[in-house]
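Engineer: Provided below for reference: sequence and predicted model.
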Amino acid sequence: MSTPRPARVAVVGVHGHGRSHLRTVRDLAARGRATLAAVVDPRPVEGTDLVAGDAPLVPAGTPWYPDLAALLADRPPDVVVLVTPIHTHLGLARDAMLAGCDVLLEKPTAASLAEHDALVAAAAATGRRCQVGFQTFGSDALDELARVVASGELGEVRVVGAVGTWVRTSAYYARSRWAGRRVLDGVPVVDGVVTNPLAHAVASALRVAGATRASDVVDVEADLWHAHPIEADDTSSVVVTLADGRRVAAGLTLCAPERAAATVVVRGSAGSATLRYEHDELDVASPRGTRTVRAPRTDLLDDLLAARLDPTRPLRCDVAATGPFMAVLDAVRAARDPRPIAPEHVAWQGTGPDAHPVVHDVAAWCARVAEHCATFTTLGAPWTHPTPTPTLRA
């Protein structure tokens, strides 16, 4: 039996998060599973640290193209990895699939549910594979939590929640024109805490709750706030109602005093479970006892390459499977604009590009959202109450 030739992979968007994908391709190349066929970015790579050192992320002689259209017109690769702004995902992924390429698309899938549906249709029409970069979907720990919930070990599930308390500085929002925007040049971007930095928490909780398609989501209550001077949300709660009546709640912020591990929590009548999805660790407490599961994770590009060799193998995060998350994103997109958190509820730390706001007691309020399946406003978080206007006395 002959050894399959390495897949020719192109990475689009290499000067930011794309570096991590370049490292993955380099590792796959060392195993004989892939080669870096090209890099695509408006900025050339020549003269940058991407081509420096004994093991450069971009080997000498790797073709560079200023845009994807130029690459596809010249020599389409086997796989295109897209690490580009959210509002470009549909057009670029569809062009790549029409050119005969399989696609690994960074999350979130697209800027609206309609765009998601168009991507699913493009994958079906072309017969190409489109994997979305929700890395947690490659985790065996997430699969184990879903199995535990489905098995009934925790009894009747009463709570499925997500908690994310991270930190983002001013520099994070200064890195590009689209960062922290809801709309850019008239085009939806939806770059908020729910839909981008902590999108993994929302998508993972929905998967654990059994949601597999957009139609599984029947209602989304979005409570969106911001402490940074941005138009999108950085401190938000969402409560999602599924078709089977189960509810999923997420309390999320980028304005915590320090970054903590994001979690998916499940509470049932007979037990509980907590997944620290960044670390692939699962704690389970049930009548069977208490245990901690540490599980491996399958890299999603590696998974896509394996699926190319086996047509019967499903992708770990096929574009269609991101429908429930996209239903939430669409509700966030259509919701009223995020409201500013009043200064009396915020303390700023750091200076210059390292400055970041800290919302008072925000971590505790995020945990309450997940525990009680209710929004910040419903629970009475202090920043959700308007500050009374002082009465002037003569």
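Structural biologist: Great, that's in hand.
Engineer: What is the neighbour count of the nearest residue to R276 once chain neighbours are set aside?
Structural biologist: Of all residues not flanking R276 in the chain, A261 sits nearest, at 4.6 Å (C-beta to C-beta, 6 or more residues apart in numbering). No exception for glycine: its C-beta is placed from N, CA and C like everyone else's. If you count neighbours by other C-beta atoms under 10 Å, A261 ends up with 15.
Engineer: again with P287
Structural biologist: 9.
Engineer: can you check the one 3 residues further on too?
Structural biologist: Neighbour count of T290, defined by other C-beta under 10 Å: 10.
Engineer: for the nearest residue to it once chain neighbours are set aside, what are its contacts?
Structural biologist: Closest residue to T290 apart from its sequence neighbours, by C-beta to C-beta, 6+ apart: V284 at 7.0 Å. With contact taken as C-beta atoms under 8 Å, 6 or more residues apart in numbering, V284 is in contact with V148, E153, L154, G271, S272, A273, T290, R291, T292, V293.
Engineer: Can I get the residues you listed in TSV including secondary structure and distance to R182?
Structural biologist: TSV is the format used below for the contacts of V284 (DSSP: H, G, I helix; E, B strand; the rest coil; distance: C-beta to C-beta, whole Å):
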residue	secondary structure	distance to R182
V148	helix	37
E153	coil	41
L154	coil	37
G271	coil	40
S272	strand	36
A273	strand	34
T290	strand	43
R291	strand	43
T292	strand	40
V293	strand	38
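Engineer: Could you dump these into TSV and include pLDDT?
Structural biologist: Output for the contacts of V284, formatted as TSV (pLDDT from 0 to 100):
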residue	pLDDT
V148	96
E153	97
L154	97
G271	97
S272	97
A273	98
T290	98
R291	97
T292	98
V293	96
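Engineer: Check the gap between the residue nearest to Y172 when sequence neighbours are not counted and T169 for me.
Structural biologist: When the adjacent residues along the chain are set aside, Y172 lies closest to A179, with 6.7 Å between them (C-beta to C-beta, 6+ apart). The gap separating A179 from T169 is 12 Å, by C-beta to C-beta, to the nearest Å.
Engineer: One more: D234?
Structural biologist: Counting by C-beta to C-beta - D234 and T169 are separated by 11 Å.
Engineer: So these two - more neighbours on which side?
Structural biologist: Set side by side, D234 and T169 show more neighbours around D234, with 29 against 17, by other C-beta under 10 Å.
Engineer: residue contacts, the residue nearest to F325 when sequence neighbours are not counted?
Structural biologist: Computed as C-beta to C-beta, 6+ apart, the closest residue to F325 that is not its neighbour in sequence is A203, at 4.1 Å. By C-beta under 8 Å, 6+ apart, A203 lies in contact with K107, F134, T136, F137, T322, P324, F325.
Engineer: again, 7 Å this time
Structural biologist: Contact analysis of A203 by C-beta atoms under 7 Å, 6 or more residues apart in numbering lists F134, T322, F325.
Engineer: Geometric centre of this protein: which residue is closest?
Structural biologist: Centroid check for the chain by C-alpha atoms, centre = their mean gives A199 as the closest residue, at 3.6 Å.
Engineer: Tell me if I'm right that that one and T109 touch.
Structural biologist: No - A199 is beyond contact range of T109, at 9.4 Å (criterion: C-beta atoms under 7 Å).
Engineer: Can you list the residue ranges for strands in the stretch 51-200 of the chain?
Structural biologist: For the stretch 51-200 of the chain, the strands defined by DSSP state E, counting those that start in this stretch occupy 64-65, 79-82, 102-105, 130-132, 157-165, 183-184, 187-188.
Engineer: For the longest one, buried residues please.
Structural biologist: Translated: strand 157-165. For strand 157-165, the buried set under the neighbour-count rule, 16 or more other C-beta atoms under 10 Å, comprises V157, V159, V160, G161, A162, V163, G164, T165.
Engineer: So what's the residue count around the closest residue to R213 other than its chain neighbours?
Structural biologist: Distance criterion C-beta to C-beta, 6+ apart; nearest residue to R213, sequence neighbours excluded, is G323 at 4.7 Å. By the measure other C-beta under 10 Å, the count of residues near G323 is 22.
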